[in-house]
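Colleague: Predicted structure and sequence below. I'll ask about it afterward.
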Amino acid sequence: MPLYKLGDFDPNYPETLDGDDIKGMDLYTQGGEKIGSTSDALVDPEGRFRYLVIDTGIGGMGKKILLPIGLSYIDYNARRITVDGLSKTQVEHLPEYTDRMTVDYDYEEQVRGVYRPMTSTGTSAQTSTASYNSDTYNYQQDASLYDLNEQKHQNIKLYEERLIASKSRIKTGEVAVGKHIETETQEFQFLLKRASSY
């Protein structure tokens with residue numbers, strides 16, 4: 001399933017988002033360590049948010065990474081995003097994202113593979129035992145990575161609903177209603193019988 005940059009999917013997104021742009025917000029760990037800042041967001045063809053694009057500056061690396069939207073807590077008043085449990089080591093192991101690349105299933109699996117240990121109930125090094133493949137995968141298999149929470153993502157959830165609604169309004173056809181009058185001329189022959197008197 002292809003993913004789209006927010007601006008490509010909705011060129012008018014700053015107005016639609018009512019000025020609550022997530023681009024440029026700083027990203028912090030729950031412990032208060034700055035990881036980087038958001039440079040974009042990726043949505044699926046339906047308009048559902050899947051990732052925040054984070055421009056990191058850790059250790060001079062300065063690479064861009066993807067953060068699944070469900071792991072973020074967005075605070076618009078403070079203009080910052082907090083992520084629980086993300087470490088420098090995980091950032092280093094995440095594959096680099098570039099603006100020119102196409103995000104495919106294999107790339108997403110590399111990204112999810114780094115984040116899945118954060119969400120497992122076992123040890124942090126343990127990965128999920130679920131089997132994943134490109135033909136049957138759906139984002140609900142990793143709901144903790146992608147689901148929007150009412151409290152953490154209130155504005156994003158509202159914006160997502162607007163995106164989905166605007167994409168589902170499709171012109172399905174037209175019907176022309178009018179009036180057409182046809183006139184037909186016909187000739188009739190009438191035979192008159194004479195009444196004869198006897």
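Modeller: Okay, I see it.

Colleague: Toward the C-terminus, what is the element adjacent to the helix or strand hosting T82?
Modeller: Applying DSSP states H and E as the criterion places T82 in strand 80-83. Where DSSP H and E defines the elements, the next helix or strand beyond strand 80-83 is helix 88-93.

Colleague: that older thread, could you pull out the buried residues of the strand holding T82?
Modeller: R80, I81, T82, V83 (16 or more other CB atoms under 10 Å). For glycine as for every other residue, the C-beta is placed from the backbone atoms N, C-alpha and C.

Colleague: do stretch 144-155 as well
Modeller: Here stretch 144-155 shows L145, Y146, D147, L148, K152, H153 as buried, counting by 16+ other CB under 10 Å.

Colleague: Take these and lay them out in TSV including secondary structure and distance to S39.
Modeller: As requested, the buried residues of stretch 144-155 are exported to TSV (DSSP: H, G, I helix; E, B strand; the rest coil; distance: CB to CB, whole Å):
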residue	secondary structure	distance to S39
L145	helix	20
Y146	helix	20
D147	coil	23
L148	coil	20
K152	coil	20
H153	coil	19
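
Colleague: list the helices and strands the strand holding T82 packs on?
Modeller: Applying 3 or more CB pairs under 8 Å, 6 or more residues apart in numbering; DSSP states H and E, one finds that strand 80-83 contacts strand 26-29, strand 72-75.

Colleague: How far does it sit from its chain's centre?
Modeller: Chain-centre distance of strand 80-83: 19 Å, with CA atoms, centre = their mean, to the nearest Å.
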